[in-house]
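Chemist: Any chance you could fold what I've pasted below:
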Amino acid sequence: MRHGAWVPGHALASAAAQRWPASTVLALGCVFLAIFLVGALLIGMIRPDDRARKLAARIERYGASHAWLAAEREGKVVGYAYATPFNERPAYRWSTSVSVYIAEEAHGEGVGRALYGALFDRLRERGFRMACAGITLPNEASVGLHESLGFELVGVNREIGWKEGAWRDVGWYQLELSPAPAGTPPEPRPSV
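Modeler: Residues are numbered from 1 along each chain as shown. Now for the predicted structure:
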């Protein structure tokens, strides 16, 4: 199911709206792997032969409760964004971890901003109030995107992950999706 154009030549597909075919999941895995191979951007490492299986499991697990979106251009996946629980403990159920990955050929085209905008709209509709993002440092492009969308740096884990032969810092960023309600908040809702 397509949800309209985001930027010229881009369309959106949502895991909550349809069960994605293996070819789309594999394409998402290729975007992830391409980003992984071009630099020390990601701490999480995934073997190429596991990427489709692991991505399919994540999409299945979080697509309905949070959100998982992909941008396509001419039938090719050029980026994706998703949300997962920030923490599995019940007190944190109104907060979510978010990530966006864009294929190198789509950098600077507004794909990340468009995906995040759609993702945040879905998260607000579902009752989430806080979005959290971890960014392996240094990463000027990702920091710039997140800060331009209103994320604030709330902390840095120093030398927390090993990647590309070095210990890497991870900056933690936070965005308020909606203000805290007075009293007990309503429960987050899955997609309809």
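Chemist: Quick one: residues contacting residue 151.
Modeler: Counting by CB atoms under 8 Å, 6 or more residues apart in numbering, residue 151 makes contact with 131, 133, 173-175. In short, each C-beta sits where N, CA and C put it, glycine included.
Chemist: Dump these to a markdown table, plus distance to residue 159.
Modeler: As requested, the contacts of residue 151 are arranged in a markdown table below (distance: CB to CB, whole Å):
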| residue | distance to residue 159 |
| --- | --- |
| 131 | 25 |
| 133 | 19 |
| 173 | 19 |
| 174 | 22 |
| 175 | 25 |
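Chemist: which pair in those spans the largest distance?
Modeler: 131 and 173 (8.7 Å; CB to CB).
Chemist: the more surrounded of these two?
Modeler: residue 131 (25 against 21; other CB atoms under 10 Å).
Chemist: What segments of this protein are helices?
Modeler: In the chain, the helices defined using DSSP state H lie at 22-38, 51-62, 111-125, 140-148.
Chemist: and the third one, what does it pack onto?
Modeler: Read that as helix 111-125. strand 11-14, strand 67-73, strand 76-85, strand 95-102, helix 140-148 (3 or more CB pairs under 8 Å, 6 or more residues apart in numbering; DSSP states H and E).
Chemist: Verify the stated contact: residue 163 with residue 137.
Modeler: No. Counting by CB atoms under 8 Å, residue 163 stays clear of residue 137, with 11.0 Å between them.
Chemist: residues in contact with residue 186?
Modeler: Here residue 186 is in contact with residue 127 (criterion: CB under 8 Å, 6+ apart).
Chemist: What's the local residue count around the closest residue to residue 179 other than its chain neighbours?
Modeler: The shortest distance from residue 179 to any residue other than its chain neighbours is 7.4 Å, reached at residue 129 (CB to CB, 6 or more residues apart in numbering). Residue neighbour count, defined by other CB under 10 Å, stands at 18 for residue 129.
Chemist: correct me, but residue 129 touches residue 174?
Modeler: No. If you go by CB under 8 Å, residue 129 and residue 174 don't touch, sitting 10.9 Å apart.
Chemist: how near is the residue lying farthest from the centre of the chain to residue 119?
Modeler: Distance from the C-alpha centroid of the chain peaks at residue 183, with 29.7 Å (CA atoms, centre = their mean). Between residue 183 and residue 119 the distance, using CB to CB, to the nearest Å, works out to 27 Å.
Chemist: Run through the bridge partners of the spatially most central residue of the chain.
Modeler: Centre of the chain computed as the mean C-alpha position; nearest residue by CA atoms, centre = their mean is residue 99, 2.4 Å away. Note on residue 99: beta-bridge partners by DSSP bridges are residue 82.
Chemist: What does the pLDDT read for it?
Modeler: Note for residue 99: predicted pLDDT of 92.
Chemist: That one touches residue 82, doesn't it?
Modeler: Yes. With contact defined as CB under 8 Å, residue 99 reaches residue 82; the gap is 6.0 Å.
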